[in-house]
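Engineer: Everything below, folded, please.
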Amino acid sequence: MLNPNLDEIQLTQDDIARYSRHLILPEVGVDGQKRLKAASVLCIGTGGLGSPLLLYLAAAGIGRIGIVDFDVVDHSNLQRQVIHGTSWVGKPKIESAKNRIHEINPFCQVDLYETRLSSENALDIVAPYDIVVDGTDNFPTRYLVNDACVLLNKPNVYGSIFRFEGQATVFNYEGGPNYRDLYPEPPPPGLVPSCAEGGVLGILPGIIGVIQATETVKIILGTGETLSGRLMLYNALDMKFRELKLRPNPVRPVIEKLIDYEMFCGIPQAKAAEEQEKANMQEVTVQELKQLIDSGAIGSEYVLLDVRNPNEYDIAKIPGSVLIPLPDIENGDGVAKVKELLNGHKLIAHCKMGGRSAKALGILKSSGIDGINVKGGITAWSKEIDSSVPEY
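Structural biologist: Below is the predicted model of the structure:
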């Protein structure tokens with residue numbers, strides 16, 4: 001309801017006291033605060049981006065907020081997902097978020113959707129809301145959110161983060177571009193690492209999430225210039241913002257219905273290829289690896305290769321392992337190092353969970369080096385063998 005009947009909306013004495021700093025802004029005033037109170041916003045995800053934007057939307061006086069998430073709070077979330085607290089670890093994120101929102105604004109209606117957003121439920125979930133804010137971290141859901149917003153003519157406030165860099169814009173607003181104008185085709189699966197693999201500065205999603213919240217409030221108020229048609233890029237290391245112009249692609253395909261976005265992004269195909277590769281690859285369990293270590297076979301018969309990044313190796317390592325990061329193997333330098341290291345020994349490789357080491361072994365195999373993968377990687381070692389090795 002971006003154009004509500006303001007005569008039907010009343011501000012209470014609590015509203016006036018709570019939002020007094022808004023009310024004295026000419027760009028907001030009483031009418032603007034009424035617009036915020038009448039507005040409804042759907043947030044997809046309560047992670048790094050969803051956490052700050054939900055806090056600020058609730059504090060700004062948004063009358064109705066919907067939250068879509070099916071995950072639980074984990075200790076590793078707390079470095080950046082500031083809406084959650086330690087006491088909520090192991091509990092649903094949407095319940096944690098609702099609790100915190102009502103601590104800030106007990107008058108905000110919070111609708112919870114503890115489910116994975118899908119082509120089957122997206123239109124029904126999105127339809128009741130004025131604006132959608134995308135706080136997701138994967139390509140299938142981003143395309144799904146975009147297409148649902150296009151079909152229902154809803155503004156889509158977008159943000160994404162990785163390592164020290166973030167970006168934000170507004171899609172599908174007043175004839176502006178949508179996500180498919182920025183990314184007509186998804187990247188190949190695995191090409192863009194997740195935050196769990198590549199890391200993220202904990203403060204970064206706070207900056208991008210607050211920008212998303214700002215854009216949402218500006219759309220509701222109808223004031224200022226939104227990021228529609230402009231992709232804002234932020235680099236925290238350089239503390240620099242820059243912009244790229246975005247325009248609708250006149251020959252882009254017309255979105256007529258929701259599709260299978262996992263298939264569109266190549267996820268099932270990539271998983272099938274990965275499973276086939278694993279089926280053709282010899283593996284050892286962490287229990288079997290421990291037996292080899294205890295018997296002295298690691299070092300005398302086998303080389304245990306760790307293909308994680310150096311900073312991960314500093315966090316936790318399996319005894320007797322030797323580090324040659326996957327990027328070195330991919331660029332060819334590491335292949336020669338592995339050959340020199342083996343010197344007649346057999347090869348066992350591991351990473352965090354088994355995916356990168358399998359990729360490394362595939363590259364090495366093409367160079368004539370056979371190896372064995374550690375199933376579950378160092379994460380399985382921490383869980384099943386030695387809990388003193390930190391999980392991260």
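Engineer: Could you chop this structure up by domain?
Structural biologist: Using automatic domain parsing, the domain parsing of the chain gives 39-268, 281-384.
Engineer: Which stretches in the chain count as strands?
Structural biologist: With DSSP state E as the definition, the chain shows strands at residue ranges 40-44, 64-68, 109-113, 131-134, 156-162, 165-171, 230-235, 240-245, 283-284, 302-306, 321-323, 346-350, 372-374.
Engineer: Report all helices and strands that the fourth one contacts.
Structural biologist: Here strand 131-134 is seen to pack against strand 40-44, helix 50-60, helix 139-152, strand 156-162, helix 204-221 when contacts are counted using 3 or more CB pairs under 8 Å, 6 or more residues apart in numbering; DSSP states H and E. The C-beta positions use only the backbone N, C-alpha and C, and glycine is treated the same way.
Engineer: can you list these in a markdown table and add mean pLDDT and distance to residue 195?
Structural biologist: Listed next are the helices and strands packed on strand 131-134 as a markdown table, based on pLDDT from 0 to 100; distance: least, CB to CB, whole Å:
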| stretch | mean pLDDT | distance to residue 195 |
| --- | --- | --- |
| strand 40-44 | 98 | 16 |
| helix 50-60 | 98 | 13 |
| helix 139-152 | 97 | 14 |
| strand 156-162 | 97 | 7 |
| helix 204-221 | 98 | 9 |
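Engineer: got the contact list for the residue nearest the centre of the chain?
Structural biologist: Against the mean C-alpha coordinate of the chain, by CA atoms, centre = their mean, the closest residue is residue 137 at 2.4 Å. Residue 137 is in contact with 45, 47, 48, 160, 161, 194, 195, counting by CB atoms under 8 Å, 6 or more residues apart in numbering.
Engineer: Give me the neighbour count for the residue nearest to the second one when sequence neighbours are not counted.
Structural biologist: Nearest non-adjacent residue to residue 47, counting by CB to CB, 6 or more residues apart in numbering: residue 81, 5.5 Å away. Residues near residue 81, counting by other CB atoms under 10 Å, number 27.
Engineer: Regarding residue 81, what are the backbone dihedral angles?
Structural biologist: As for residue 81, its main-chain torsions (degrees, to the nearest 10) stand at phi -90, psi 80.
Engineer: Thought residue 53 was touching it, still the case?
Structural biologist: No. Distance between residue 81 and residue 53: 11.6 Å, which falls outside the contact criterion (CB atoms under 8 Å).
Engineer: Could you count how many residues lie near residue 344?
Structural biologist: Per other CB under 10 Å, the neighbour tally for residue 344 reads 6.
Engineer: for residue 238, same thing?
Structural biologist: By other CB under 10 Å, 10 other residues sit near residue 238.
Engineer: who's residue 168 bridged to?
Structural biologist: residue 159, residue 232 (DSSP bridges).
Engineer: residue contacts, it?
Structural biologist: Contacts for residue 168 were tallied using CB under 8 Å, 6+ apart; they are 157, 158, 159, 160, 208, 211, 212, 215, 227, 231, 232, 234.
Engineer: Ok, residue 339 next?
Structural biologist: For residue 339, the contacting residues are 367, 369, taking CB under 8 Å, 6+ apart as the criterion.
Engineer: what's the answer for the one 3 residues further on, then?
Structural biologist: For residue 342, the residues meeting the contact criterion (CB under 8 Å, 6+ apart) are 303, 369.
Engineer: can we see that at 7 Å?
Structural biologist: The neighbours of residue 342, taking CB atoms under 7 Å, 6 or more residues apart in numbering as the test, are residue 303.
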